[in-house]
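Engineer: Okay, sequence plus prediction incoming.
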Amino acid sequence: MAIDLHIYLLSLLLVGSLVLLQGVVGVQYIIVNNATNTDGGHRFDAEIGVPYAVKTVGEINKFIWKLYKQDTAAKRKNVPVLHVYITDLQDGAEGETGGDNIYVSSTAIQSYAPGRARFYFTKLMYHETTHIFQWSGQGTAPGGLTEGIADYTVLKSNYFEPEGYTKPGEGNRWDEGYGVTARFLEYCDTLRSGFTPGLNNKMRQVYKDEYFQDFLGKPLDQVWKEYKAKYTHN
């Protein structure tokens, strides 16, 4: 049966559609290239490839569980199968998620700098895979916070280019999202070790601004003001 399944999956890979592997962490990763008729889809096959994508997503999955201190199944979101679709997104996004699925833009892949396709794909997977496994207070957390936590994972992975990334202290709101919020969360970690993983795990059922007070002993607005003051340059 195992041999037959292996042959079946290889045959699917040959027609450019799908491969499935069981990860060592108990999650199945399915990579589907639905954009084989596009330049980006061709580039995915030529420069990234299904085997690399499966291996990378599995490693990132384990990295996320370790970073957010989710060392038992009881602490983790139940995700039996994670799909990654290479597709022709029409909304201009590089990548996005829905359910337990990650959608990657073939147009974005085609735009990656020469020789850097795997780097940028991996960076994107750190961000988007975090969305699959993070807690969001069942939708009550600000979108900017969930995006910031996803970028916090990117920061901790070191899969980013420092010269082009958000600098500490930048931004106008704590929940502006992405790099702005990720840098703010890093600052909060300096006030209390493990703050960001703790905040994520506390948001399993609901999000409240009061969690900043609970963890840091200060209201959120005060923490943000002190953060901004620290990085104000005269």
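Structural biologist: Happy to help now that I have it. Numbering: from 1, shown residues only.

Engineer: Show me where the protein dips below the pLDDT cut-off.
Structural biologist: 1-25, 233-234 (pLDDT under 70).

Engineer: Please enumerate the strands of it.
Structural biologist: 18-22, 28-33, 81-87, 95-98, 101-105 (DSSP state E).

Engineer: Turn these into TSV, columns for mean neighbour count.
Structural biologist: Just so you know, the C-beta spots here come from the backbone N, C-alpha and C atoms, and that holds for glycine as well. What follows is the strands of the chain, written out as TSV (neighbours: other CB atoms under 10 Å):
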stretch	mean neighbour count
strand 18-22	16
strand 28-33	21
strand 81-87	21
strand 95-98	16
strand 101-105	22
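
Engineer: of all those strands, which lies closest to Tyr187?
Structural biologist: Closest approach to Tyr187 among the strands of the chain is made by strand 95-98 (26.4 Å; CB to CB).

Engineer: Pairing partners for that closest one, with directions?
Structural biologist: The strands beside strand 95-98 in its sheet (DSSP bridges) come out as strand 101-105 (antiparallel).

Engineer: so the partner strand versus strand 81-87, what angle?
Structural biologist: 20 degrees (axes from the mean of the first three to the mean of the last three CA atoms, to 10 degrees).

Engineer: among the strands of the chain, which is nearest Tyr227?
Structural biologist: Nearest of those to Tyr227, taken as CB to CB: strand 95-98 at 28.3 Å.

Engineer: Need the residues that contact the closest one.
Structural biologist: Leu89, Ile102, Tyr103, Val104, Ser105, Ala108, Leu124, His127, Glu128, His131, Ile132 (CB atoms under 8 Å, 6 or more residues apart in numbering).

Engineer: what would the residues you listed look like in JSON lines with distance to Gln70?
Structural biologist: Output for the contacts of strand 95-98, formatted as JSON lines (distance: CB to CB, whole Å):
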{"residue": "Leu89", "distance to Gln70": "29"}
{"residue": "Ile102", "distance to Gln70": "19"}
{"residue": "Tyr103", "distance to Gln70": "24"}
{"residue": "Val104", "distance to Gln70": "24"}
{"residue": "Ser105", "distance to Gln70": "29"}
{"residue": "Ala108", "distance to Gln70": "29"}
{"residue": "Leu124", "distance to Gln70": "22"}
{"residue": "His127", "distance to Gln70": "18"}
{"residue": "Glu128", "distance to Gln70": "18"}
{"residue": "His131", "distance to Gln70": "15"}
{"residue": "Ile132", "distance to Gln70": "13"}
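
Engineer: any idea which of these is the one closest to Val50?
Structural biologist: Nearest to Val50 out of those is Val104 (CB to CB; 12.4 Å).

Engineer: what residues are up against the closest one?
Structural biologist: By CB under 8 Å, 6+ apart, Val104 lies in contact with Phe44, Val84, Tyr85, Ile86, Thr87, Leu89, Glu94, Gly95, Phe121, Leu124, Glu128.

Engineer: Beta-bridge partners for it, please?
Structural biologist: Each beta-bridge partner of Val104 is listed here: Ile86, Gly95, as defined by DSSP bridges.

Engineer: contacting residues around Gly171?
Structural biologist: With contact taken as CB under 8 Å, 6+ apart, Gly171 is in contact with Gly179, Val180, Thr181, Arg183, Phe184.

Engineer: Repeat that for Tyr187.
Structural biologist: When contacts are counted by CB under 8 Å, 6+ apart, Tyr187 touches Pro168, Tyr227, Lys230.

Engineer: Identify the residue nearest the last one in space, chain neighbours excluded?
Structural biologist: Nearest in space to Lys230, with sequence neighbours left out and distances taken as CB to CB, 6 or more residues apart in numbering, is Gly169 at 6.9 Å.
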